[in-house]
Every structure is written in C-alpha cells, then in structure tokens.
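Colleague: give the three-dimensional model of this entry:
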Amino acid sequence: MKRKRIGQKTTSHLLWLCTICSALLWGGAGGGLLCSCGDYWDGGEPVAARKMTLGRRVINMMVGDRYRIPVLFEPDTLSNRSVWWMTEDKDIAIVEDDTVIAVSEGLTLAYALSVSDRQTDSCWVNVLPQVYLNPRQYPYDMVIYADVNIHGHKYTAADEESLIVGAYIGNELRGIGKMRQWQGRDYMEIRLWHNDIATFDLVELRCCYVGEALIEIFPVYFHFDGDAHGTLSDLVKLYLDDNAREYAPWDEIGIEEPIDVIRGED
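Modeller: From the prediction side, this is the model:
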C-alpha cells in the first residue's frame, strides 16, 4: 500500500498553490483552469468568497468507489461555486466534478482552490481494498452473536449492502457480519478467522457506510480466543451513536481525532 507521511503545509502543497495562483493571475491569455462545472474560467471578476471549507477532513473509500466532496462557502449565497481540484498522487485518487474517485489502495491529499477569490482547503483521501475475505486460508475461528444498532436504526438483512460490519485485526479484515434469524429474532453473526487458535490479538469492529466514504468504530472490543461471545438469547450489543469514533490512519496524517463529519451532503 502506498503511504505518504505528508503534512498539510508541505513544500509540494505550497508549490501547487503557487502554480495555480500564477495561472489565475495569468488568465485570459488563451489558457484557463478547468473548474468543477466543466467550464474554463476566463479571468473575469467573480463575486468574492470569504471562506471555502471542505466538509470532510478524512475520506475513507474502497477501490473503485466515488464520493462527492461537500464544499461549504461563506457567504452561502455565493453564486460562483466552481472549484479547481488536484490530488497529490493521481495513482491513488483523482477528483472530477467535485467527486473523488478511488483508483488504488493508499493515502493521498486532495487540494481544492475556489475560483471565487482563490480560497483553499484540503482533505485526506484514504483508499482501502475492496471488502473481501477468503476464510479457507484460516484454520481457526471465533464467533460473535450481536444485536446491531446504527444511530438509532436497528440493523436488518436489508442493510447488509449499504452498511458493512467488519471485524479487523490490525487493518486486516478477518470477518464480515451476516444477519441470521432464530425463533423469529434477527441477530448478526460475526465469524472471525485466524491462523492460530488463541492469539488474543485485539479485534476491532467497524461499520463501513457504502457510498458515504465513512467508517466508524464500534465501542466494543474483543480478543481472538477461539470462543463464542454472546448467545442467541443474550446478544452482544453493538451500538453506534453520535459519539462514535471515525476510523482513519490518524498517526500517519498527523492530525488529532475526533473530526467533525458531515453526513450525506453532496
């Protein structure tokens, strides 16, 4: 996986800003910048934006995913909301029409520059592999029987494609939650796999919001011990609420959590 330890005020960032600002000042000489609207800005006089902010500091995606980055302007009545985009590593992710496209696994920065008054902001794009697990490669397992609730919504089989519950050891996927039914009662079975029978490795449970570029961490942890946790009559409670932690490679990107998240905004 490509990983870059890059601060938000790196030399490459500054060079990029200088290059774009120079191009903006040059405007009208037969060239121009391709904006999010798909048009070229000709150097005219836009209404000034006092501030532009990207709605996410960290975007978690899987290879092949697309996500429209929320862009907030002050004043919110601004008419020219065109943005010029660039990613530090286009082999990991690119941005087209305000939409980031995950190309390959890795971590990179996405930079935004507003046409109006040249306001700037940036966010991290963390691209993960597609959710895939081959249990045949592991001889040992443990199981968690759980009642799952996502921000007040009781998880059902209808949620399995849009809300993926995964069990991780480190950053390696070792189990995917599947809905079952027993005596008319719905529950989730999370079966984890390992090479050894009782390693006591820490198991972290995450919820991936498909299409929202967001992963949250359940506030319940286990150790791989080869046993069953919870029973069909006494399920483990896996609940996410507004205090849920967002998953991100915090150490690598050098910023502190928690980070405010804007959900479902285009």
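
Colleague: show me where the chain has its helices.
Modeller: Assigned by DSSP state H, the helices in the chain fall at 11-26, 250-253.

Colleague: lowest confidence element among the helices and strands of the protein?
Modeller: strand 33-34 (a mean of 42; mean pLDDT, DSSP states H and E).

Colleague: rank the helices of the chain by mean pLDDT and give me the bottom one.
Modeller: Here the helices of the chain differ in mean pLDDT, and the lowest is helix 11-26 at a mean of 50.

Colleague: in the sheet, who's paired with the residue lying closest to residue 213 once chain neighbours are set aside?
Modeller: Distances taken as Cβ to Cβ, 6 or more residues apart in numbering place residue 67 nearest to residue 213, at 4.0 Å, with adjacent residues excluded. The C-beta positions use only the backbone N, C-alpha and C, and glycine is treated the same way. Beta-bridge pairing of residue 67 under DSSP bridges involves residue 100.

Colleague: name the nearest residue to residue 151, sequence neighbours excluded.
Modeller: residue 240 (5.8 Å).

Colleague: I misspoke; the intended subject was residue 93.
Modeller: Closest to residue 93 by Cβ to Cβ, 6+ apart is residue 125, at 4.5 Å.

Colleague: ok, now which ones touch that neighbour?
Modeller: 59, 61, 87, 92-93, 100, 102, 107-110 (Cβ atoms under 8 Å, 6 or more residues apart in numbering).

Colleague: how many neighbours does residue 134 have?
Modeller: Residue 134 is flanked by 7 other residues according to other Cβ atoms under 10 Å.

Colleague: how close does it sit to residue 164?
Modeller: Distance from residue 134 to residue 164, counting by Cβ to Cβ, to the nearest Å: 16 Å.

Colleague: export stretch 64-84 as CSV, just CAs?
Modeller: Output of stretch 64-84 as CSV, limited to C-alpha atoms (Å, rounded to 0.1, in the frame of the first residue of the first chain):
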residue,chain,number,x,y,z
GLY,A,64,-13.5,1.9,-7.3
ASP,A,65,-15.7,4.0,-5.1
ARG,A,66,-16.9,7.5,-5.9
TYR,A,67,-17.8,10.2,-3.4
ARG,A,68,-18.9,13.8,-4.0
ILE,A,69,-16.9,16.0,-1.6
PRO,A,70,-19.1,18.5,0.4
VAL,A,71,-17.8,22.1,-0.2
LEU,A,72,-19.1,24.9,2.0
PHE,A,73,-18.8,28.5,1.2
GLU,A,74,-19.2,31.8,3.1
PRO,A,75,-21.4,33.5,2.2
ASP,A,76,-23.7,30.6,1.5
THR,A,77,-25.4,32.7,-1.1
LEU,A,78,-22.3,32.8,-3.3
SER,A,79,-23.3,32.1,-6.9
ASN,A,80,-19.9,31.0,-8.3
ARG,A,81,-19.1,27.8,-6.5
SER,A,82,-16.7,26.4,-9.0
VAL,A,83,-13.6,24.6,-7.6
TRP,A,84,-10.4,23.6,-9.1
